[in-house]
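Enquirer: Sequence plus the predicted model coming up.
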There are 2 protein chains.
Amino acid sequence: MKIETKIARFTKPLYLESGRILEPWQIIYETYGELNEDKSNVILITHALSGSHHAAGKYEGDRKPGWWDSLIGKGKAIDTEKYFVISTNVIGSCFGSTGPMSPIYPGSDERYRLKFPVITIKDMVKAQKILLDSLGIKKLKAVIGGSMGGMQALRLAVDYPGFAENIIPIATTYQTKPYVIAINKSMIETIRADSEFKNGNYKPGTELKGLAAARMIGYLNYISPSTFEKKFGREYVKTDGMFELFGRFQVESYLEYNGANFPKWFDALSYIYLLKAISLFDISRGFNSLDEAFSQIKDKLFLISFSGDTLFFPQEMRDIKKYMDKVGGKCQYFEIDSDYGHDSFLVEVDKFDYLISEILKGDLDARF
Amino acid sequence: MKIETKIARFTKPLYLESGRILEPWQIIYETYGELNEDKSNVILITHALSGSHHAAGKYEGDRKPGWWDSLIGKGKAIDTEKYFVISTNVIGSCFGSTGPMSPIYPGSDERYRLKFPVITIKDMVKAQKILLDSLGIKKLKAVIGGSMGGMQALRLAVDYPGFAENIIPIATTYQTKPYVIAINKSMIETIRADSEFKNGNYKPGTELKGLAAARMIGYLNYISPSTFEKKFGREYVKTDGMFELFGRFQVESYLEYNGANFPKWFDALSYIYLLKAISLFDISRGFNSLDEAFSQIKDKLFLISFSGDTLFFPQEMRDIKKYMDKVGGKCQYFEIDSDYGHDSFLVEVDKFDYLISEILKGDLDARF
């Protein structure tokens, strides 16, 4: 599989939903496979909160492949022998696209930090659209993403009707619910409570304990209570004392490990900005109603949810199906039986990859 | 209603489950109503994580009454005209019973802090039993508590069979599950990530931001996602800007308010010690099996759970009923239909107070 990593730089301002601008700005992306002659085989992959453009394959020396490697590659559901796959890092993130740690103007030593404008899902999609335009891509075969990536897929369907043939949002919602806003808030405040955060003025690369703790909070919602039970039970770390205050159950050791690692590869300000983008997500913003928003969608919408998702509940995606039926849109809803939890979209690819494959082949079109 | 607040001081060591001792130690408690002549009308109330001995009534100048005032009082389900109610503050807490901020020895300016021994639910109950013994109380009419208070009720049933006529654990479990251990861990690490915590050496009374953030995490699990939806929806604070990074949805403002208040009345070290006690809770510790533990219970066990409890799931209390049936114990299980969430035991007293009343009158005994 041919992987290329590129950075696209834009000098024209990016007009944001907030009324503010980014100028200049850049977007980093990977591509897998080959673009065909009429540019009709393009699939856009959109990533989740802590994801990156690195969705598939391995760089030299990597232990682990990209985050959706089980879905994307030669002979896989998103077959790189057939499709040209583009995976971008969203603006606001920290892997090379413009974000809060970018220089406040070209050549400056000063970084945006808290002066960075609030970014919305709409803005992320707009930036991706500008990139695709610049590559001469007039039409997508599909846009596919889970969680925050699913929000982008849905937003693209509403904001650019007719642009993508197939829209595949997975494990997501149409409007972030107050429960998830509350989770995001507790993570944001956990980061801010760490005085090393210094109101955003920490030295880049500082391994903030507040960010590690915030990541632990996230984990509580990425896997379900029953997955916690199956994975860890009440096993205690053998070398820890049961009656030591900071002695650990296995589940605590797991959280500590993943929490402590997170600040090594993710930036605290980006985390806050992306959480804000998720909390602000509402497909109806800019329209008079949800009906009006959903009635924009002209393309085929395929929804995939997981029965055991305790972050974006299946009911939220069933609601999208109801709205689409009401406004007469083309929509199919699939609920995958699973008690794993929200992270099913990353971990249980074998439960839904056949669907992606069938959608891309057009096998499911007859159902409309 | 007659309220008295007392402190009982003990010079004999309290032998803890960890093998360590507290010496001397004290327990603060309130009583409501009058002890009858043969001391046969005593009800013990056991509190939850952030609770205190102040379960009912008002002190002069108080805006709010005690935390279970809707349940305890003249003419209420726990009728103080009939019963003598004792409500203690658990050891390890911060309202007057011996805890991590107590002097390390009498007259010392040094506080225990992280040198305080790990306390378990068993230890809390043992301390309460010693208090009751010292008051000449040979038998309880009932022990009643929710959440961590329910763990104490269950522990008392197992450790002191025959001591309480009626055991009423509410919204609790028999063995803290890894999901709840994970929640507790994320709260503990959020406190530790605040460098003002200073590894437990903060100045008493410091309003730690880490503790405020930890409290927010707690709230995510005290009410259910649907209660978040009903209470807050996606309402935004009117004076905040939608595209300000720290602009707030109403739910965020609510969490901020409750979070920021918490360190004004609760101590961070006590919070950590009590979370540890909850994580360690396992009714079978000290026995060969859960069967063996449950077979100790000789008294009438009445379990009350809430269908919408997303912290201690109803299934966990149904499991207790199964174990009790298996070992031939006296047990009745009641599941209150509610989608409010875990805090139902505090907020929806009107949905289950009739049960408490019937249990105390013996009206439900015929069902055994």
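Expert: Received, thanks. Residues are numbered from 1 along each chain as shown, chains lettered A, B, ... in the order given.

Enquirer: Residues of the stretch 201-350 of chain A that sit close to chain B?
Expert: With the criterion set to Cβ under 8 Å from any Cβ of the partner chain, the stretch 201-350 of chain A comes near chain B through A:208-210, A:212-214, A:216-217, A:219-220, A:225, A:228-229, A:231-234, A:242-245, A:248-252, A:255-256, A:259, A:272-273, A:276, A:279-280, A:282, A:313. Backbone N, C-alpha and C define where each C-beta goes, glycine included.

Enquirer: On the pLDDT front, check the spatially most central residue of chain A for me.
Expert: Residue closest to the mean C-alpha point of chain A, counted by Cα atoms, centre = their mean, is A:Ala48 at 1.5 Å. For A:Ala48, the pLDDT comes out at 98.

Enquirer: Going by proximity to chain B, name the top residue of the stretch 1-150 of chain A.
Expert: Residue nearest to chain B within the stretch 1-150 of chain A (Cβ to the nearest Cβ): A:Ser18, separated by 3.5 Å.

Enquirer: Just give the closest residue to that residue, not the sequence neighbours.
Expert: Setting aside the residues directly before and after it, A:Ser18 is nearest to B:Phe243 in space (Cβ to Cβ, 6 or more residues apart in numbering or on different chains), at 3.5 Å.

Enquirer: Enumerate every residue touching the residue of chain A most remote from its centre.
Expert: Relative to the centre of chain A, the most outlying C-alpha is that of A:Phe243, 40.3 Å out, by Cα atoms, centre = their mean. If a contact means Cβ atoms under 8 Å, 6 or more residues apart in numbering or on different chains, then A:Phe243 has B:Glu17, B:Ser18, B:Gly19, B:Arg20, B:Pro117, B:Val118, B:Thr120, B:Leu280 as its contacts.

Enquirer: what's the answer for A:Gln128, then?
Expert: Listed by Cβ under 8 Å, 6+ apart, the contact set of A:Gln128 reads A:Ile27, A:Leu44, A:Thr46, A:Thr88, A:Val90, A:Gln152, A:Leu156.

Enquirer: Can I take it that it is in a strand?
Expert: No - the assignment for A:Gln128 (DSSP: H, G, I helix; E, B strand; the rest coil) gives helix, which keeps it out of a strand.

Enquirer: Using CSV, lay out the contacts of A:Phe243 together with pLDDT and secondary structure.
Expert: Converted to CSV, these look like this (pLDDT from 0 to 100; DSSP: H, G, I helix; E, B strand; the rest coil):
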residue, pLDDT, secondary structure
B:Glu17, 98, coil
B:Ser18, 98, coil
B:Gly19, 98, coil
B:Arg20, 98, coil
B:Pro117, 98, coil
B:Val118, 98, coil
B:Thr120, 98, coil
B:Leu280, 98, helix
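
Enquirer: Now A:Ala56: which helix or strand?
Expert: In the assignment (DSSP states H and E), A:Ala56 maps to no helix and no strand.

Enquirer: Quick check: it touching A:Lys64?
Expert: No - if you go by Cβ atoms under 8 Å, A:Ala56 and A:Lys64 don't touch, sitting 11.4 Å apart.

Enquirer: For the two, indicate the residue with more neighbours.
Expert: It is A:Ala56, of A:Ala56 and A:Lys64, that has more neighbours when counted by other Cβ atoms under 10 Å in any protein chain shown, with 24 against 8.

Enquirer: now the more buried one: how far from A:Glu4?
Expert: A:Ala56 sits 12 Å away from A:Glu4, taking Cβ to Cβ, to the nearest Å as the criterion.

Enquirer: any shared contact partners between these two?
Expert: Counting by Cβ under 8 Å, 6+ apart, the contacts common to A:Ala56 and A:Glu4 are A:Glu30.

Enquirer: Okay, and the residue farthest from the centre of chain A sits in which element?
Expert: Counting by DSSP H and E, A:Phe243 is part of no helix or strand.

Enquirer: For A:Thr5, grab phi and psi.
Expert: phi -110, psi 130 (degrees, to the nearest 10).

Enquirer: residues contacting it?
Expert: A:Ile28, A:Tyr29, A:Glu30, A:His53.

Enquirer: on contacts alone, who are the packing partners of the helix or strand encompassing the first one?
Expert: Assigned by DSSP H and E, A:Ile28 belongs to strand A:25-32. Here strand A:25-32 touches strand A:3-10, strand A:84-88, helix A:121-134, going by 3 or more Cβ pairs under 8 Å, 6 or more residues apart in numbering or on different chains; DSSP states H and E.

Enquirer: Please dump those into JSON lines; it should also carry distance to B:Lys351 and mean pLDDT for every row.
Expert: JSON lines is the format used below for the helices and strands packed on strand A:25-32 (distance: least, Cβ to Cβ, whole Å; pLDDT from 0 to 100):
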{"stretch": "strand A:3-10", "distance to B:Lys351": "58", "mean pLDDT": "96"}
{"stretch": "strand A:84-88", "distance to B:Lys351": "50", "mean pLDDT": "98"}
{"stretch": "helix A:121-134", "distance to B:Lys351": "40", "mean pLDDT": "98"}
